[in-house]
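1. Have a look; sequence and predicted model below, questions after that.
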Amino acid sequence: MSHSLSLLFYIKKSKADEYGKAVIYLRITLDGRRAECSVHRKVKVDDWHSKTQRALGNSQNSQEINREISIVTDKIYGIQHQFQREGKPYTALNLRDAYLGKDKSKKMLLEIFQDHNNKVDNLVGKDFAAGTAERYRTCKKHIEAFIKQKYKINDIPVQDVDHKFITGLEYYLKTTRKCAHNSAIKYITNFKKIIRIAHANDWIDKDPFLNWKAKLKIVEREFLTESEIQKIIELDLKMERLNQVRDIFIFCCFTGLAYADVKKLNRGDISTGNDGEEWIKTKRSKTDTRSNIPILPIPKSIIEKYKDQELLKEKDLVLPVLSNQKMNAYIKEIATLAGITKNLTFHLARHTFATTVTLTNGVPIESVSKMLGHTNLKTTQHYAKILDMKVSRDMAILKDKFKPKN
């Protein structure tokens, strides 16, 4: 890749010392970007020629200054040629740092990312959920692949990350990796943390994310209606694996538990509340927030069905949950058998609990938020926006109230 490189030697007359001498500076401009430094030489203001960028006269001092400027010029172009021979990407900042001998300690982006991920992995179960660690690992893989495709190298200095890199990464995620808008933004937000670490450690001069703005799109979440839930419950399933997955899916439709939470649900998470009824009291794997959920009759009967399984007793678990991949594959089979055309995933059970089971039946949004273990009520409000059924019911009551009386 060819670059447009120019060098400018200049002085700042206004900063001349008491002897009328000013420091000579070098400005390196590469592809429109600048980096500056001092060449550690002074010249009398009256002896400096700004157009030739050299000292005037034939005095020994002027000759030494001009030789030094020629040496610095050759050195900068030599560093550029070396970068080109090695196939390394470089900026004006890289040329300056190499000239000043600072490039030996420069930090590489993926090395910083890997160091961060190692720390997250060691804190899984304490400060981070396993899913969070996996997301950071995936994010690093995407950035690694982007660097290889864009720059044809394995890693880049973290100081080379700029606004263009960030927008290029976003485009790469949406096109090459086929990520949806929200997924791409979440990966870049993960990446943003790595850059903030570099900035906090003074490995970069400024945060390239300062002018980057992104907004998540509000996604309408699908959920099952009462009739669709009933269709799944009434299915006559001959295969044990489908029967088992159906039970766990319906259990989550009436408790709102996510896959990771129902998988680890143990007998100690079920206790009797102050009302004398049984409750699920557990911490969410994703956010480490507590979910307190009263157990309705349907999930209670499912717990009873599996309470005597020996394998579950040994592991102190409540339900025989398969891998997430198998649960999602089998629930799609069940949807086909029930004649449901929606794209059923296991997580859709949680959406169904929030909408059809609770909000539609008048459960206050604050209570729903508490049961779901949401850290922010705004997260729960996403469900409330799509409840046309409840709006219809509420307006029917209002219509009845204002019906003309004979």
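-> Arrived safely. Numbers count the residues shown, from 1 in each chain.

2. Going by C-alpha atoms from here, please, whenever you check contacts or count neighbours.
-> OK.

3. Ile280 in helix, strand or coil?
-> strand (DSSP: H, G, I helix; E, B strand; the rest coil).

4. How much space separates it from Val45?
-> From Ile280 across to Val45, the span is 81 Å (CA to CA, to the nearest Å).

5. Kindly report the same for Thr356.
-> Thr356 is 81 Å from Val45, by CA to CA.

6. Surely Gly78 is in a helix?
-> Yes. If the criterion is three-state DSSP, then Gly78 is within a helix.

7. from here on, count from 745
-> With 745 as the first residue, the last one maps to Gly822.

8. So what's the residue count around it?
-> Gly822 has 14 neighbouring residues, counting by other CA atoms under 10 Å.

9. any idea how far Ser814 is from it?
-> For Gly822 relative to Ser814 (CA to CA), the value is 12 Å.

10. Now do the shared contacts for these two.
-> Common neighbours of Gly822 and Ser814 are not found (criterion: CA atoms under 8 Å, 6 or more residues apart in numbering).

11. Low-confidence bits of the stretch 895-1044 of the chain, can you list those?
-> 962-964, 1030-1032 (pLDDT under 70).

12. residue boundaries of the helices in it?
-> Under the criterion DSSP state H, counting those that start in this stretch, helices of the stretch 895-1044 of the chain are mapped to 907-919, 925-944, 970-978, 984-997, 1003-1007, 1041-1050.

13. Of all these, which one is nearest Glu762?
-> The minimum distance between Glu762 and the helices of the stretch 895-1044 of the chain falls on helix 925-944, with 38.1 Å, by CA to CA.

14. who's in contact with that closest one?
-> Against helix 925-944 from outside (CA under 8 Å, 6+ apart): 856-857, 860, 879-880, 883-884, 902, 910, 913-914, 917-918, 948-951, 953, 958-961.

15. Give me the buried subset of those residues.
-> Burial by neighbour count, judged by 16 or more other CA atoms under 10 Å, picks out 856-857, 860, 880, 883-884, 902, 910, 913-914, 917-918, 948, 951, 953 from the contacts of helix 925-944.

16. from those residues, which is closest to Gly1117?
-> Tyr880 (22.9 Å).

17. Tell me which helix or strand the closest one sits in.
-> Secondary structure from DSSP states H and E places Tyr880 in helix 874-895.

18. Name the residues of that helix that are buried.
-> 874, 876-877, 880-881, 883-884, 886-891.

19. TSV for these, including distance to Val989 and pLDDT?
-> Putting the buried residues of helix 874-895 into TSV (distance: CA to CA, whole Å; pLDDT from 0 to 100) gives the following:
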residue	distance to Val989	pLDDT
Ala874	23	78
Thr876	26	86
Ala877	27	89
Tyr880	30	95
Arg881	29	95
Cys883	31	96
Lys884	34	96
His886	33	96
Ile887	36	96
Glu888	38	95
Ala889	37	95
Phe890	39	95
Ile891	42	94
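
20. Kindly indicate which of the residues you listed lies nearest Asp1019.
-> Ala874 (34.6 Å).

21. The residue nearest to that closest one when sequence neighbours are not counted and Leu917, how far apart?
-> Spatial nearest neighbour of Ala874, chain neighbours left out: Val868 (5.7 Å); criterion: CA to CA, 6 or more residues apart in numbering. Taking CA to CA as the measure, Val868 falls 26 Å from Leu917.

22. same check, this time on Met1115
-> From Met1115 over to Leu917 (counting by CA to CA), the distance is 34 Å.

23. and if you look at Glu1077?
-> Glu1077 is 31 Å from Leu917, by CA to CA.

24. what do you get for Phe872?
-> Taken as CA to CA, the span from Phe872 to Leu917 is 25 Å.

25. before we move on, what about Val1006?
-> Where Leu917 is concerned, Val1006 sits at a distance of 32 Å (CA to CA).

26. just Glu1048 next, same as before
-> Taking CA to CA, one finds Glu1048 at 46 Å from Leu917.

27. Please apply the same query to Asn1105.
-> Following CA to CA, the distance that separates Asn1105 from Leu917 is 40 Å.

28. tell me the domain ranges of the protein?
-> 749-849, 853-944, 970-1140 (automatic domain parsing).
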